[in-house]
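[1] Model the following, please.
(one chain, ligands or ions: 2)
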Amino acid sequence: MASLADQLDIVIPTIRNLDFLEQWRPFFQPYHLIVIQDGDPTRAVRVPEGFDYELYNRNDIERLLGDKAWCISFKDSACRCFGFLVSKKRYIFTIDDDCFVAKNPKGEDINALQQHIQNLLTPSTPYFFNTLYDPYRDGADFVRGYPFSLREGVPTAISHGLWLNIPDYDAPTQMVKPLERNTRYVDAVMTVPKNVLYPMCGMNLAFDRSLIGPAMYFGLQGEGQPIGRYDDMWAGWCTKVVCDHLGLGVKTGLPYIFHSKASNPFTNLRKEYKGIFWQEEIIPFFQSLELSKECTTAADCYLEISEKVRAGLTLDPYFVKLADAMVVWVQCWQQFNGGPGPKPDGRS
Ligand SMILES: O=c1ccn([C@@H]2O[C@H](COP(=O)(O)OP(=O)(O)O[C@H]3O[C@@H](CO)[C@H](O)[C@H]3O)[C@@H](O)[C@H]2O)c(=O)[nH]1
Ligand SMILES: [Mn+2]
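    Ligands and ions are numbered 1, 2, ... in the order given. Here you go, the predicted model:
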């Protein structure tokens, strides 16, 4: 069973504490943690003994990015993408600090990290749906009628895990269903088909930086921004368009984590409300995007998307600022991960 301990970093955004790591210790201890401490940089955040980690607060982000630091959100879980930037590993697993080890129907602890690794190291099947779900899983295969020409699959860029207990609902749904808990364990991993978008949640997510890292920007959210809790959604829309263009796969399903805290639905409504009606225009925008064949890397694709956002998402001036931030993000990515940065007008 592949470990990837030397090829994967665990990124944790936190405005709380890291006590949850005690429960994950058997699974996480071999891995390097990148903790992004949000909010007050003078607050002491304690990482439990025995973990190998880097800890960054807002002062560190400002110091390391200088005049580009504004592209990293403050007071929003979107800050996690700074960890994606500074990691030196191929793979990232990001998890929220209120997510604990879930149990499968047999009552066994789920090693979510191991399942994400399995998802990332096996191909995806975006071009033709396999009705027995993940064909690369032990005990499954391609079903009759599945084209042999497609059975090699494509490289998997993203592994999107799910959550038992508190589901990742938007504020209106939380408000009308405050007691709803997800108790349904669906034993499946599926590829999100090509040209289909999906609501990517950052709570339990893994990805291959070498394939999709430059597009995994969580946008401008939190303090000073007109919107929140759409950080992961933005990254999910952009990365899916990039994956579809580059012939990469996105999987969703296993692994589950146990999500322990329901955030305040009223606070969430305040953060989300513009996004709730904006997304009715944003999603058709992303569904209509076609990228140039000259875009052969995630960075190229992302910069072209930023140009299209600037020109085509006219529902609010916020999107011009976001388009600028997308370019700055790629400049930061190139700065930390090698390669010539894009020119100021956004062209590589
Ligand atoms: O200002 C903040 C707020 C939170 N964090 C850290 O980010 C994650 C998620 O926070 P929380 O658990 O409070 O939020 P949820 O509503 O449960 O999370 C869902 O909304 C998404 C946010 O867009 C998130 O990815 C989903 O899981 C925790 O680790 C907080 O400590 C922060 O850093 N800054
Ligand atoms: Mn939470």
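
[2] Next one: stretch 34-47, is it in contact with ligand 1?
    Yes. Part of stretch 34-47 sits near ligand 1 under the criterion CB under 6 Å from any ligand atom, namely Asp38. To be clear about C-beta, it is placed using only N, CA and C from the backbone, and glycine gets the same treatment.

[3] what about the residue minimising distance to the centre of the chain, distance to Cys81?
    Nearest to the mean C-alpha position of the chain, by CA atoms, centre = their mean, lies Gly202 at 4.5 Å. If you measure Gly202 against Cys81 using CB to CB, to the nearest Å, the figure is 9 Å.

[4] Which neighbours do those two have in common?
    The overlap between the contact sets of Gly202 and Cys81 (CB atoms under 8 Å, 6 or more residues apart in numbering) consists of 218, 231, 235.

[5] give me the element the first one is part of.
    Pointing back at Phe218 there. Following DSSP states H and E, there is no helix or strand that holds Phe218.

[6] Counting neighbours, what do you get for it?
    28 (other CB atoms under 10 Å).

[7] do the one 3 residues further on as well
    The local packing of Gln221 (other CB under 10 Å) involves 26 other residues.

[8] how much space is there between it and Gly202?
    Remark: distance between Gln221 and Gly202 (CB to CB) = 11 Å.

[9] who touches both of these two?
    With CB under 8 Å, 6+ apart as the test, Gln221 and Gly202 both reach Asp231.

[10] if we can go back for a sec, export the shared contacts of Gly202 and Cys81 to CSV and tack on pLDDT and distance to ligand 2?
    As requested, the shared contacts of Gly202 and Cys81 are exported to CSV (pLDDT from 0 to 100; distance: CB to the ion, whole Å):
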residue, pLDDT, distance to ligand 2
Phe218, 98, 15
Asp231, 98, 13
Ala235, 98, 17
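
[11] Doesn't the residue nearest to the centre of the chain belong to a helix?
    No. Using DSSP: H, G, I helix; E, B strand; the rest coil, the assignment for Gly202 is coil, not a helix.

[12] wouldn't it be in contact with Asp96 here?
    Yes. Counting by CB atoms under 8 Å, Asp96 is a contact partner of Gly202 at 7.5 Å.

[13] Show me the shaky parts of the stretch 201-348 of the chain.
    Along the stretch 201-348 of the chain, the model assigns pLDDT under 70 to residues 339-348.

[14] Show the residue spans covered by the strands in it.
    Secondary structure of the stretch 201-348 of the chain (DSSP state E, counting those that start in this stretch): strands located at 204-208, 249-259.
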